[in-house]
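Trainee: quick one, what's the 3D model for this:
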Amino acid sequence: MYSTRTEWFDGKTQVPAHVGVYERKYIAGIYPCYWTGKFWATCAFDFKMAYNWRDQKSDQQDIPFRGLRVKP
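Mentor: Below is the predicted model:
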């Protein structure tokens, strides 16, 4: 079966190769967040909100993330 998401990556030792919205695994659940190329922005409730909040740096920079294989 084809998955629309990548496997989970360790946020402590890896960062995304490309700028954009990714899913991150918080204790409270999985949320979309924007990767600026330098830092993770605050998590959001949907992909559009994550993009809009891209300038608000998250205080949690080292949690697991995964990418999307297709655009939302």
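
Trainee: which SSE is the residue most central in space within the chain in?
Mentor: Taking CA atoms, centre = their mean, the centroid of the chain lies closest to Tyr22, which sits 2.9 Å from it. Secondary structure assignment for Tyr22, by DSSP states H and E: strand 20-26.

Trainee: quick one: average pLDDT of that strand?
Mentor: Averaging pLDDT along strand 20-26 gives 95.

Trainee: where do the helices sit along this structure?
Mentor: In the chain, the helices defined using DSSP state H lie at 47-52.

Trainee: what residue ranges in it score low on pLDDT?
Mentor: 1-2, 71-72 (pLDDT under 70).

Trainee: in it, which spans are strands?
Mentor: Secondary structure of the chain (DSSP state E): strands located at 20-26, 29-35, 65-66.

Trainee: any buried residues in the second one, and which?
Mentor: Within strand 29-35, the residues scored as buried using 16 or more other CB atoms under 10 Å are 31-35. Any C-beta I mention is one placed from the backbone N, CA and C, and that applies to glycine too.

Trainee: what does stretch 55-72 give?
Mentor: In stretch 55-72, counting by 16+ other CB under 10 Å, buried: 58, 63-68.
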